[in-house]
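Novice: Let's see this in three dimensions:
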Amino acid sequence: MSALMTIEDLSVRFHGERTVHAVNGLDLSLKPGEVVTILGESGSGKSVTLKALLKLLPPKRTDMSGKITVDGIDVMALSGRRLSDYRGKTVSMIFQEPMLALDPVYTIGDQIAEAVRRHDRVSRTAAMDVALDMLTRVRIPSPERRLRNYPHEMSGGMRQRAMIALALACRPKLLLADEPTTALDATVQIQVLLLLRELQKEFGMGIVFVTHDIGVAVEISDRIAVMYAGNIVEEGTVSEIIKDPRHPYTKGLLAANLHGAERGTALASIPGSPPPLDTRPTSCAFAPRCEFAQETCLEALPPVYRPGPGRRVACVLEQGRSELIEPARATEAA
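Specialist: The predicted structure is shown next:
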């Protein structure tokens, strides 16, 4: 099966008072109908990667390089009307905070209908019918009344469902979800995750889901890509990542949770802090925090190994255990 989305060697730099290297040579792919979660700490480049897929980053302050292909479309070459046609119809996004993403001066119904009319060229009445159908699908109570509600008149959970309805109204082939459950309580969180999975199967979409919560990643994903300092350090199926983590960072993330912790004992944590992003990494970015770091880890970018089909791990510890697919390489800071 050919890939729905392919990202090759994506790099993103922001220019301001200082240069920020947010994404550094990232590779990622997604098959139709698949859910891939990008997992990592805040500041690892997860949200920047999603915004790069929609070209939502400020063009005057951003340098992007690499290749992004979605449904056969060269995203990096899009501009003007073609870019507007691509957003919402081919790829859509659920933003982290719907209260900021939704327009406060328009009703929920009007905002969904506007997107439908823009892409599907239908009448306002037909577009409002689609809006009502989408609110019904995302199980918002009294959807006819909610069509006339403004965002501030709805609870956080209802706003998130309305955001999902808006994102799916034009039946996109790829859905981007930027930590859509972070601000929700546990009960609503699981409801939203189950709803997303149900709608994903109904519409046959691919989903790229971003989170720092391992529990959420396990619930929603087919595959997990662990991201650190702007690059993928490990990738595999949910079962492979949970049962057989290979990269020290992945192991640290899995250990840093409350499951199995005893009262009165210190919780596990990853020592140190993420690296500064004012220079592009020239060696293993995790090495300063890694208890297994070797001298070679500080001299070049880590080699990439394939422990099995569809898996990859960027760590010298895989030497002798897995097939080498990309040798360690020296690079100069940009």
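Novice: Does residue 42 belong to a helix, a strand or coil?
Specialist: coil (DSSP: H, G, I helix; E, B strand; the rest coil).
Novice: That one: neighbour count?
Specialist: 9 (other Cβ atoms under 10 Å). Every C-beta, even on glycine, is put in place using the N, C-alpha and C of the backbone.
Novice: Disregarding flanking residues, what is the spatial nearest neighbour of the most centrally placed residue in the chain?
Specialist: The residue lying closest to the centre of the chain (Cα atoms, centre = their mean) is residue 210, at 3.2 Å. Nearest non-adjacent residue to residue 210, counting by Cβ to Cβ, 6 or more residues apart in numbering: residue 46, 4.3 Å away.
Novice: Need the pLDDT of the one you found.
Specialist: We have a pLDDT of 95 for residue 46.
Novice: can you pull the contacts of it?
Specialist: By Cβ atoms under 8 Å, 6 or more residues apart in numbering, the contact set of residue 46 is 38, 39, 40, 178, 210, 212, 227.
Novice: doesn't residue 235 make contact with the last one?
Specialist: No: with the criterion set as Cβ atoms under 8 Å, residue 227 and residue 235 do not qualify as a contacting pair; they are 9.6 Å apart.
Novice: just to revisit the earlier point, rounded mean pLDDT for the helix or strand where the residue nearest to the centre of the chain lies, please.
Specialist: According to DSSP states H and E, residue 210 maps onto strand 206-211. Taken as a whole, strand 206-211 carries a mean pLDDT of 96.
Novice: outside of it, which residues touch it?
Specialist: Outside strand 206-211, the residues touching it (Cβ under 8 Å, 6+ apart) are 4-5, 28, 30-39, 46-47, 49-50, 53, 173-179, 181-182, 196, 200, 216-217, 220-221.
Novice: Check stretch 307-317 too.
Specialist: Contacts to stretch 307-317, defined as Cβ under 8 Å, 6+ apart, come from residues 223, 231-237, 240, 244, 246-248, 284, 292, 294, 296-297, 301-306, 318, 321-323, 325, 328.
Novice: again, 7 Å this time
Specialist: Stretch 307-317 has contacts (Cβ atoms under 7 Å, 6 or more residues apart in numbering) with 233-236, 240, 246-248, 292, 294, 296-297, 302-306, 318, 321-322, 325.
Novice: Tell me how far it lies from the chain's centre.
Specialist: Relative to the centre of its chain, stretch 307-317 is centred 21 Å away, using Cα atoms, centre = their mean, to the nearest Å.
Novice: swap in stretch 173-190?
Specialist: When C-alpha coordinates are averaged (Cα atoms, centre = their mean), stretch 173-190 and its chain have centres 11 Å apart.
Novice: Just the C-alpha atoms of that stretch, please, in PDB.
Specialist: The C-alpha trace of stretch 173-190 is given here as PDB (Å, rounded to 0.1, in the frame of the first residue of the first chain):
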ATOM      1  CA  LYS A 173      -7.900  12.300   3.800                       C
ATOM      2  CA  LEU A 174      -5.400  13.300   6.600                       C
ATOM      3  CA  LEU A 175      -6.300  14.600  10.000                       C
ATOM      4  CA  LEU A 176      -3.700  16.300  12.200                       C
ATOM      5  CA  ALA A 177      -4.500  16.300  16.000                       C
ATOM      6  CA  ASP A 178      -2.400  18.500  18.200                       C
ATOM      7  CA  GLU A 179      -2.800  17.300  21.700                       C
ATOM      8  CA  PRO A 180      -6.600  17.600  21.500                       C
ATOM      9  CA  THR A 181      -7.300  16.100  24.900                       C
ATOM     10  CA  THR A 182      -4.700  17.900  27.000                       C
ATOM     11  CA  ALA A 183      -7.100  20.400  28.600                       C
ATOM     12  CA  LEU A 184      -9.900  17.800  29.300                       C
ATOM     13  CA  ASP A 185     -10.600  15.800  32.400                       C
ATOM     14  CA  ALA A 186     -10.000  12.000  32.200                       C
ATOM     15  CA  THR A 187     -13.600  11.000  31.500                       C
ATOM     16  CA  VAL A 188     -14.000  13.400  28.600                       C
ATOM     17  CA  GLN A 189     -10.500  12.600  27.400                       C
ATOM     18  CA  ILE A 190     -11.300   8.900  26.800                       C
END
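Novice: tell me the mean pLDDT over it?
Specialist: Throughout stretch 173-190, pLDDT has a mean value of 86.
Novice: Now it: buried residues?
Specialist: 173-181, 183-184, 188-189 (16 or more other Cβ atoms under 10 Å).
Novice: cool, stretch 5-15 as well?
Specialist: Under the neighbour-count criterion of 16+ other Cβ under 10 Å, stretch 5-15 has 5, 7, 10, 11, 12, 13, 14 buried.
Novice: Same check on stretch 236-248?
Specialist: The neighbour-count check on stretch 236-248 (16+ other Cβ under 10 Å) flags 236, 237, 238, 240, 241, 245, 246, 247, 248 as buried.
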